[in-house]
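In: okay, here's the prediction I keep looking at, along with the sequence it came from:
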Amino acid sequence: MKSLRLRFLVISALSIALALAAASFVMIKLFEKNLERRVEAELTTYINQIAAELSFDKDGQVKPPETLSDSRFKLAYSGLYWQVDDINLQRQLRSRSLWDYALPLPEDTHATGEVHRYLLPGPDGSTVIAEERQLIIAAPKGARPVRISAAMDYETITRARSQFAYDMMPYIVILGIFLLLSSALQLSLGLRPLKNVRDGLNAVRNRQKQRLDGDFPSEIKPLTQAINQLLDSQEETISGARKRAADLAHGLNTPLTVLTNDAAKLKARGEVEIAGELADLAQVMRSHVDYELARSRITPEQSHRNSDAAPYQIACEIVKTLQRTPKGETLDWNVDVPKDVEVTVDPEDLRELLGNIVENAVKWTQTQVNITGSSNSSQVTLVIEDDGVGLDPKLIETIMVRGIRHDQKTQGTGIGLSLVREICEIYNIDLNIENRQTSGLRITLVFELA
């Protein structure tokens with residue numbers, strides 16, 4: 001089981017089941033013990049009543065008691081019995097309920113008046129709990145010992161115990177369900193700080209926060225502090241790497257400018273072939289430098305952004321710039337984007353993203369470029385379309401790979417669209433490229449609404 005919640009619930013269920021089973025066993029035993037004490041007290045009372053009512057006939061023989069109130073003494077095998085043994089005369093009196101059965105009392109030594117208790121075989125194959133007391137009674141021919149015993153069917157106790165367990169079981173089940181629900185509630189409340197940590201990490205991943213903030217319990221606080229230290233270290237590392245990349249790119253600009261100028265000088269001297277090679281090499285290197293500069297400027301952290309971006313405003317700026325180019329002047333431009341929405345992207349990054357896509361559309365289109373958009377409660381969708389020749393479906397995936405171009409004849413390095421993919425990955429922007437049904441290419445971007 002990989003779920004902590006499920007583990008805790010299973011352990012709680014097993015613990016509750018074992019605890020309730022043990023509690024039920026103890027309560028049933030306590031009930032049985034107290035019932036036995038009550039039965040023993042009742043049997044002692046009957047012995048005392050019999051002893052008080054013993055009398056003798058004219059021959060000095062013990063007469064059976066006649067005034068015992070419990071009617072069970074008169075019903076055969078009723079479950080309640082008495083027996084009187086006249087030791088000297090070897091004479092035995094029994095209740096009518098014993099019928100033709102005599103209680104097999106053990107021959108043990110008695111102190112006068114002491115009560116002994118036994119579990120004995122009873123009539124009709126039953127087991128009885130019996131008490132006996134030996135007394136010295138004054139008879140007409142002198143005092144002599146008499147054993148007085150009373151017994152009750154032990155099944156009375158077992159039936160009461162079973163009925164008690166049966167009556168108690170629904171309440172034990174209800175108590176178990178209540179305890180399990182309480183455990184689930186306790187577990188939910190106890191794990192809530194971990195849910196807050198998870199939500200905080202999701203917010204960090206979605207670039208809505210930079211750190212885990214909040215009042216966490218003392219048991220969770222070391223974990224959140226370690227995560228925050230890791231996030232700080234990661235941000236510091238990324239910032240340092242971005243700064244070094246930008247410094248390196250800027251440092252290469254001057255040598256590339258010199259190399260370009262040298263190529264121009266060689267061309268002026270008539271070294272056209274070598275000058276062209278140097279110029280092409282400088283152009284490729286400059287494209288890579290521009291790419292690294294663009295990457296170093298990407299600002300996914302919310303705290304580093306100047307603001308969220310307005311797609312309509314940036315799209316209009318890009319179109320206005322490209323309309324000044326020789327080909328842009330000849331195209332039919334259509335911009336239909338919601339004006340009052342913003343997306344969770346830095347404006348410069350969105351400008352880099354849309355600029356590369358629209359510039360690529362201008363490169364391949366025939367007569368028009370369309371930039372349309374829509375929004376709902378959580379997302380903004382932008383669609384960039386051209387009416388060029390489109391792409392072979394097999395090439396759609398490859399054009400997003402850095403440095404791979406589907407047409408080697410057209411000027412470019414294939415780096416712009418790979419930067420588009422990288423920005424989309426950093427900001428979790430859904431990117432889809434497909435051919436239009438008529439002609440041309442359609443690129444769809446789905447942003448989170450700011």
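Out: Sure thing, it's come through.

In: and stretch 23-32, what's buried?
Out: For stretch 23-32, the neighbour count (16 or more other CB atoms under 10 Å) marks 24, 31-32 as buried. Just so you know, the C-beta spots here come from the backbone N, C-alpha and C atoms, and that holds for glycine as well.

In: err, stretch 420-432, not the other one
Out: Judged by neighbour count (16+ other CB under 10 Å), stretch 420-432 contains these buried residues: 420-424, 427, 429, 431.

In: hang on, the earlier thing: JSON lines for the buried residues of stretch 23-32, including secondary structure and distance to Arg436?
Out: Shown next, in JSON lines, are those (DSSP: H, G, I helix; E, B strand; the rest coil; distance: CB to CB, whole Å):
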{"residue": "Ser24", "secondary structure": "helix", "distance to Arg436": "74"}
{"residue": "Phe31", "secondary structure": "helix", "distance to Arg436": "84"}
{"residue": "Glu32", "secondary structure": "helix", "distance to Arg436": "87"}
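
In: looking at those, spot the one nearest Asp85.
Out: Proximity of these to Asp85 (CB to CB) peaks at Glu32, which lies at 29.8 Å.

In: let's see which of the buried residues of stretch 420-432 end up in helices.
Out: By the criterion of DSSP state H, membership of these in helices covers 420-424, 427.

In: let me know the closest of the buried residues of stretch 420-432 to Lys221.
Out: Nearest to Lys221 out of these is Tyr427 (CB to CB; 31.3 Å).

In: once you drop chain neighbours, what's closest to the closest one?
Out: Val345 (5.4 Å; CB to CB, 6 or more residues apart in numbering).

In: looks to me like that neighbour is in a strand.
Out: No - assessed by DSSP: H, G, I helix; E, B strand; the rest coil, Val345 does not belong to a strand; its assignment is coil.

In: that one contacts Glu352, correct?
Out: No - when contacts are counted by CB atoms under 8 Å, Val345 is not listed as touching Glu352 (9.8 Å).

In: and the two? Which one has more around it.
Out: More crowded of Val345 and Glu352, by other CB atoms under 10 Å: Val345, with 31 against 22.

In: need the contact list for the more buried one.
Out: 308-309, 353, 427, 429, 447 (CB atoms under 8 Å, 6 or more residues apart in numbering).

In: closest one of the residues you listed to Asp280?
Out: Of all these, Asp280 sits closest to Leu353, with 27.4 Å by CB to CB.

In: which one is the closest one nearest to, not counting chain neighbours?
Out: Once flanking residues are discounted, Leu353 sits nearest to Ile423: 4.8 Å by CB to CB, 6+ apart.

In: please convert the buried residues of stretch 420-432 to a markdown table, extending it with distance to Glu219 and pLDDT.
Out: As requested, the buried residues of stretch 420-432 are exported to a markdown table (distance: CB to CB, whole Å; pLDDT from 0 to 100):
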| residue | distance to Glu219 | pLDDT |
| --- | --- | --- |
| Val420 | 45 | 86 |
| Arg421 | 42 | 85 |
| Glu422 | 40 | 83 |
| Ile423 | 40 | 86 |
| Cys424 | 39 | 88 |
| Tyr427 | 35 | 84 |
| Ile429 | 38 | 90 |
| Leu431 | 42 | 90 |
